[in-house]
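1. need a structure here:
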Amino acid sequence: ADNFRAGIIRGYTRIFNIGRLGQGCYLNIQPSDYTNKLTCNFIDISYEDLPEYILREGYYNIEILDPSDYIDSISGNVNNPVLTVVGDQSIINQSIGIEPQLNYVHLCLTGMKDVAGWEGVQEFLHDTLCYSNKTNDYIPLKHWLNSLDLAKYLVTNNYSSR
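-> Numbers count the residues shown, from 1 in each chain. Here you go, the predicted structure:
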């Protein structure tokens with residue numbers, strides 16, 4: 001993969017909801033209200049590398065976006081197909097009650113900062129959902145981070161052995 005850049009997709013919500021107990025949750029997108037817009041990473045993958053990419057993203061379903069559903073920050077809407085990875089419902093159903101891991105959240109935020117700057121980070125924190133064991137529901141990532149008892153989180157998730 002190369003040519004990492006920001007893009008916008010319509011009709012999806014970003015959410016940490018793929019995972020299993022003890023492994024944390026992975027980020028994915030789920031269909032949403034068409035008016036919802038997300039800044040995301042666009043990357044170019046050659047046709048030769050596409051099979052490896054699909055195998056690597058085994059927890060996801062690969063979908064082709066309609067050209068009206070995305071804007072490429074470099075060239076605008078183009079004729080090249082844009083693929084997205086959407087969480088597989090059978091795996092999502094196993095992850096209710098699993099909060100994301102902080103090191104993975106940090107990786108996602110770093111990636112967003114690299115392609116979309118601080119505005120992208122702020123959008124990510126505000127618009128990305130994750131499960132909260134305090135509320136027993138999905139809440140914005142920003143609210144989840146603000147509600148964390150960090151010391152308890154580190155002990156519960158066994159950070160001392162990493």
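2. CA atoms for contacts and neighbours, from now on please.
-> Fine.
3. What count of nearby residues applies to residue 69?
-> 15 (other Cα atoms under 10 Å).
4. Looking at the nearest residue to it once chain neighbours are set aside now. What's its pLDDT?
-> Closest residue to residue 69 apart from its sequence neighbours, by Cα to Cα, 6 or more residues apart in numbering: residue 10 at 5.1 Å. At residue 10 the predicted local confidence, pLDDT, stands at 90.
5. Now residue 10: phi and psi?
-> Dihedral angles of residue 10 (phi, psi; degrees, to the nearest 10) stand at phi -110, psi 150.
6. check contacts around it.
-> 34-38, 69-70 (Cα atoms under 8 Å, 6 or more residues apart in numbering).
7. And residue 109, by the same measure?
-> By Cα under 8 Å, 6+ apart, residue 109 lies in contact with 121, 124.
8. Which helix or strand contains it?
-> Assigned by DSSP states H and E, residue 109 belongs to helix 102-127.
9. what's downstream of that helix, the next helix or strand?
-> Remark: after helix 102-127, the chain's next helix or strand is strand 129-132, criterion DSSP H and E.
10. mean confidence for that following strand?
-> When pLDDT is averaged along strand 129-132, the result is 90.
11. and residue 125, what is it in contact with?
-> 140-142.
12. Name the member of these with the most neighbours.
-> residue 141 (22 neighbours).
13. circling back to that earlier point, put the buried members of the contacts of residue 10 into a ChimeraX selection.
-> Selection of buried members from those for ChimeraX, criterion 16 or more other Cα atoms under 10 Å:
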select :37,38,70
